[in-house]
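Asker: A structural model of the following input is requested.
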Amino acid sequence: MKPGGFSAQLNGIYRAPMDVGDLHAAARNAGLCWCVIDLQHARSKRALLHTFAHALAFPDTFGGNWDALADSLQDLSWLPEPGWIVVLHGAADLAAAAPEDYAALLEILGTTADYWQRRQGRIFIALADVAVSLPEFPGPVDYKIPVSVLVLVHTADLQVLLLERADRPGFWQSVTGSQDPGETLAQTALRELAEETAITTEPAALIDWNRQNRYEIYPHWRSRYAPGITHNTEHVFGLTLPAVRDIVLAPREHVAYQWLPWPEAADRVFSWTNAEAIRELPLRMGRIE
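Answerer: Model prediction:
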C-alpha cells in the first residue's frame, strides 16, 4: 500500500516552485513528511551539519561529518511518514560562502535520492534560491483514488500470509493497496502483490471474489484524498500458492511477515474486512469447517 502522488522514480533534487505553500499542500495530500531547512546561517561545514541534524531530528549518536550525514539521510527510521519533501532555503548563500561544502552537500543529496529510489522510498529535495541549474519540481500531487484491493494470499491447506505494517507496529494485514489512475482492479492487485511481497503470478491465477467492502477512511489518512472523501471501496481477490514460501518485504511498508492457519490469521488482522475475508476462505475453497 502506498500513498498516491509522487512516485519513487521521481526522487531527486529540484528547484523549488515560486509558491512553496502549494508544495506543502502537495506533501500533505500525498502523506509525505514536510521539512524546511534554513541554510541562511550555515556558512561552514560544522554549521551545515548541525542545521541538518536539528531540522531532521537526527539521533544523539550523529557523528557530525559527511559520512554520518549520508548515513542518516539513508535511514530516517525515526520519522514515521513513508516519504519526505525537504525544502532548503538559503542555498545560494551557502554556495557563495562555502562552495566546496555546498558541492559536497549536493552530492550527498543526490546519492540519498538514488538510494531511496532503489528501495521504492520517496524523498524529494527542493532548493529555493538555488545557485545552480536544477529541474523544476514535479507538479502537484494527485489525490489518492478511494478504491483499493485486498489480496488474500494463502495455501491450499489454508495457511494465510500476513504482513506487519511499518507505520503501525503490531498491525497485521493481507496485501492491500489503492488503485492507480488507468489501472484495472486486477492490475492493481498484481502490482501491490509484487511490490509488497515480490510474488509475481499470471493474471489467471488471481481470483476476483467479486466482493466489495465500503468503509470509512481513518481521519488521519483523509488528507491523502480529495476534500470531502470519507469512504473507500475495497475489492477482494484471492491467490492460492502450492505451499508457504519466503517473502521479500518492502521495508518502508512492512517489517515482518508470517504464515498462520486461517482461524489464527482472522483473529490477528486489525481490519474487519480483512478478518471477514479470511473467515470466508474455507467456504471459498470448498472446505466448510
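Asker: Which helix or strand in the chain has the lowest average pLDDT?
Answerer: Least confident helix or strand of the chain, by mean pLDDT, DSSP states H and E, is strand 123-127 with a mean of 65.
Asker: where along the stretch 101-250 of the chain do the strands fall?
Answerer: 123-127, 147-155, 159-165, 172-173, 175-178, 206-216, 231-241 (DSSP state E, counting those that start in this stretch).
Asker: Export these as a markdown table, with columns for mean neighbour count.
Answerer: Quick note: C-beta positions are derived from backbone N, CA and C, even for glycine. Rendered in a markdown table, the data for these read as follows (neighbours: other Cβ atoms under 10 Å):
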| stretch | mean neighbour count |
| --- | --- |
| strand 123-127 | 25 |
| strand 147-155 | 23 |
| strand 159-165 | 21 |
| strand 172-173 | 21 |
| strand 175-178 | 21 |
| strand 206-216 | 13 |
| strand 231-241 | 19 |
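Asker: Out of those strands, the one nearest A103 is which?
Answerer: Among these, the nearest to A103 by Cβ to Cβ is strand 123-127 (13.2 Å).
Asker: where does the stretch 51-200 of the chain have low pLDDT?
Answerer: When residues are selected by pLDDT under 70, those of the stretch 51-200 of the chain lie in 79-82, 117-143.
Asker: can we see that at 50?
Answerer: In the predicted model, the stretch 51-200 of the chain carries pLDDT under 50 at residues 131, 141.
Asker: Let's have the strands of the stretch 101-250 of the chain in JSON lines, adding distance to T51.
Answerer: Below are the strands of the stretch 101-250 of the chain laid out as JSON lines (distance: least, Cβ to Cβ, whole Å):
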{"stretch": "strand 123-127", "distance to T51": "14"}
{"stretch": "strand 147-155", "distance to T51": "40"}
{"stretch": "strand 159-165", "distance to T51": "32"}
{"stretch": "strand 172-173", "distance to T51": "39"}
{"stretch": "strand 175-178", "distance to T51": "36"}
{"stretch": "strand 206-216", "distance to T51": "41"}
{"stretch": "strand 231-241", "distance to T51": "40"}
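Asker: Tell me which of these sits nearest to W66.
Answerer: It's strand 123-127; of these, that one is closest to W66 (Cβ to Cβ) at 16.3 Å.
Asker: So D93, which state does it fall into?
Answerer: Classification of D93 using DSSP: H, G, I helix; E, B strand; the rest coil returns helix.
Asker: What is the burial count for it?
Answerer: 18 (other Cβ atoms under 10 Å).
Asker: Chain neighbours aside, what residue packs nearest to it?
Answerer: Q40 (5.7 Å; Cβ to Cβ, 6 or more residues apart in numbering).
Asker: What of F58?
Answerer: F58 sits nearest to S72 (Cβ to Cβ, 6+ apart), 5.1 Å away.
Asker: So the one you found is in contact with D60, correct?
Answerer: No - contact criterion Cβ atoms under 8 Å: S72 and D60 do not qualify, at 11.8 Å.
Asker: Pick out whichever of those two has more residues nearby.
Answerer: S72 (22 against 5).
Asker: May I ask which helix or strand encompasses the more buried one?
Answerer: Using DSSP states H and E, S72 falls within helix 66-73.
Asker: Alpha carbons only: can I get the helix or strand following that helix in CSV?
Answerer: Using DSSP H and E, the next helix or strand after helix 66-73 towards the C-terminus is strand 84-89. In CSV, the C-alpha atoms belonging to strand 84-89 read as follows (Å, rounded to 0.1, in the frame of the first residue of the first chain):
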residue,chain,number,x,y,z
TRP,A,84,9.7,13.2,2.7
ILE,A,85,9.8,16.6,0.9
VAL,A,86,12.7,18.6,2.2
VAL,A,87,12.9,22.3,1.2
LEU,A,88,16.3,24.0,1.6
HIS,A,89,16.3,27.8,1.9
